[in-house]
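Student: dropping the sequence and predicted coords here.
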Amino acid sequence: MLETRPATIADASLITRHRRAMFHAMGGATSETLDLMSRSFEPWLIPRLAGGRYLGWIKCDGAQPIASIGLLFLDWPPHTLHPVETERGYILNLFVEPDYRRRGLARSLIELCLEEGRRRDIAVLSLHASAEGRPLYESLGFQVSNEMQLRNQPPR
Ligand SMILES: CC(C)(COP(=O)(O)OP(=O)(O)OC[C@H]1O[C@@H](n2cnc3c(N)ncnc32)[C@H](O)[C@@H]1OP(=O)(O)O)[C@@H](O)C(=O)NCCC(=O)NCCS
């Protein structure tokens, strides 16, 4: 039976594995870059999980974790979209094990993030979607924004 639970610090390695698997599935990064990112990510994550700046949810099939998602709270200046609030949410690290896809697991994980955002009066939630994830986010009302990026550093 599938169950969903909030992530704890004990899930830091699992979340790191899912992040790596997500980027691996998206393609474009070498194993060396994925390994380097994973080694830096886990120690970055632990204090944020502990302090509540990063919330995560894990779906398990019995004892086996099979999907997860993260929601990071970003310090953000008041904006016309939220003239009083000083935070935005960033959804990240969405990964579903291949055998469990197309059953609505990702959708229900994203909905947990949306619910948490509403609970905290967060007006803007953003993310960078993979090609696979994009239709799902669009069906939940996400729109492409006008954000621009300058990438000065080539990946190591
Ligand atoms: C993208 C991903 C998270 C989707 O997980 P999932 O549990 O299969 O998604 P859901 O079952 O909730 O999908 C709901 C809807 O999303 C869309 N969708 C999901 N996978 C899709 C795909 N491969 N191609 C096109 N649309 C897709 C469909 O609209 C689907 O509804 P439908 O099955 O009724 O047509 C999963 O494929 C995955 O982990 N991929 C690798 C990592 C990744 O890309 N992560 C997302 C980063 S933004």
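Tutor: Right, received. Where do you want to start? Numbers count the residues shown, from 1 in each chain.

Student: distance of the most centrally placed residue in the chain from I15?
Tutor: With distances taken as CA atoms, centre = their mean, the residue of the chain nearest its centroid is L92 (1.6 Å). Going from L92 to I15 by CB to CB, to the nearest Å gives 10 Å. C-beta here means a position set from N, CA and C on the backbone, and glycine is covered the same way.

Student: what touches both of those two?
Tutor: Residues touching both L92 and I15 (CB atoms under 8 Å, 6 or more residues apart in numbering) are G70.

Student: now for the top helix by length along the chain, which elements pack on it?
Tutor: The longest helix of the chain (DSSP state H) is helix 31-51. The contact analysis (3 or more CB pairs under 8 Å, 6 or more residues apart in numbering; DSSP states H and E) places helix 31-51 against helix 12-26, strand 54-61.

Student: can you name the element that comes right after the last one?
Tutor: To tie it back to what came earlier, the one meant is strand 54-61. Sequence-wise, the next helix or strand downstream of strand 54-61 (DSSP states H and E) is strand 64-75.

Student: could you export that next one as CSV, CA atoms only?
Tutor: Taking Å, rounded to 0.1, in the frame of the first residue of the first chain, the C-alpha atoms of strand 64-75 are listed here in CSV:
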residue,chain,number,x,y,z
GLN,A,64,10.3,1.2,-0.1
PRO,A,65,10.5,4.9,-1.0
ILE,A,66,9.3,5.3,-4.5
ALA,A,67,8.7,9.1,-5.1
SER,A,68,9.4,12.4,-3.5
ILE,A,69,9.2,16.2,-3.8
GLY,A,70,10.7,19.2,-2.1
LEU,A,71,9.4,22.7,-1.3
LEU,A,72,12.0,25.4,-0.5
PHE,A,73,11.0,28.7,1.0
LEU,A,74,12.8,31.6,-0.5
ASP,A,75,13.3,35.0,1.1
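
Student: and that strand, which strands flank it?
Tutor: strand 54-61 (antiparallel), strand 87-96 (antiparallel) (DSSP bridges).
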